[in-house]
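K.L.:
fold the following for me, if possible:
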Amino acid sequence: MRLILRIKLSVLLLCSMIFSAFAVDVVRYNPPHSQEDKRNDYPLTVLTAALEATEEEYGAYRIDYAPFLLRRERALKELLHGEIINVYSAASQQHWEETLPPIYFPILRGLLNYRLLLINRKDEAVFANLSTNEQLMSLRAGLGAQWSTTKVFRSQGYAIVTSNNYDGLFGMLHYGRFDYFSRGINEIYSEFDAYRGKYPSMAIEQTKALHVPLPVFFFVAPNEVRLRERIEKGLWALQESGEFKQIFDRFHGDAIRRANIKDKLVLHIDNPFLSDHPIYENLALWVSPEEY
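P.N.:
You can find the predicted model right below:
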């Protein structure tokens, strides 16, 4: 009887070893909004590096796009199920953190906090003469309907015009539906290059910047305990080795230097929707564009 039990245990152990050897961690990620939308490039590079850094311990992996685009609030609902998508990167909101706590590692080092403005060329003098938040509040911001930025701007009394169509927002600026389009330093230059041929009236405002606290984290489906653990370990391994900073600089160093924040007037906008977490005290994880 004991011999049979030992044989059964040996078979189970062998099966487990075989399964582990061939197991593949599959990431299902939200696709981009369009061919021009390059916002996924950086987080996917970081995610891939984190998975690579843990390959010896966890084995193979694969990253697939979901079969269709999920808008932000729908993405949260689907993420809770973990079937269509199981990993999502987003600027955090308190109700997201309360519903599905993220991996508390700021994958953009807080760069999205620093925002420049896409405007219409005819309004350059208006923005050059602007010097206070109150003056900015009298102008209309164009924003995505479900973005974290939108909730922040609305809560602080800014005039906003929203759309669910990411590409359409650039056209709306061109045709004067709103006065400015707030974009992260990590976004604005590639977007300007992608859309300026189609919308030649669009310009990057040169004298102002906004500071809006918008940390970006990875959110992982609650049923993906192993995958969450793996990504978190990988991120901290990248931080310790210095590879994370290298990836960040490769993607964003030129844009930070081009933005030249130290020579701009920076207007601060409070974000009341952030949770209280000690990660915000770890200064090594956050960028200061003035240092570039």
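K.L.:
could you pull out the helices for the stretch 51-200 of the chain?
P.N.:
When assigned using DSSP state H, counting those that start in this stretch, the helices of the stretch 51-200 of the chain occupy the ranges 55-58, 72-81, 94-99, 124-128, 133-137, 148-155, 166-174, 185-195.
K.L.:
Ala255 contacts Asp193, doesn't it?
P.N.:
No: counting by C-beta atoms under 8 Å, Ala255 sits too far from Asp193 to count as a contact (11.3 Å). Bear in mind the C-beta positions are built from the backbone N, C-alpha and C, glycine included.
K.L.:
so the two - more neighbours on which side?
P.N.:
Between Ala255 and Asp193, counted using other C-beta atoms under 10 Å, Ala255 has the larger neighbour count: 19 against 11.
K.L.:
quick one: list the elements packing against the host helix or strand of the more buried one.
P.N.:
Using DSSP states H and E, Ala255 sits within helix 243-259. Based on contacts counted as 3 or more C-beta pairs under 8 Å, 6 or more residues apart in numbering; DSSP states H and E, the elements that helix 243-259 packs against are helix 41-53, helix 185-195, helix 225-241.
K.L.:
between that helix and helix 225-241, how many degrees?
P.N.:
Regarding helix 243-259 and helix 225-241, their directions subtend 70 degrees when assessed with axes from the mean of the first three to the mean of the last three C-alpha atoms, to 10 degrees.
K.L.:
that older thread, now tabulate the helices of the stretch 51-200 of the chain in a markdown table and tack on mean pLDDT and distance to Leu227.
P.N.:
Shown next, in a markdown table, are the helices of the stretch 51-200 of the chain (pLDDT from 0 to 100; distance: least, C-beta to C-beta, whole Å):
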| stretch | mean pLDDT | distance to Leu227 |
| --- | --- | --- |
| helix 55-58 | 97 | 9 |
| helix 72-81 | 89 | 12 |
| helix 94-99 | 86 | 18 |
| helix 124-128 | 97 | 44 |
| helix 133-137 | 97 | 41 |
| helix 148-155 | 94 | 24 |
| helix 166-174 | 95 | 27 |
| helix 185-195 | 95 | 25 |
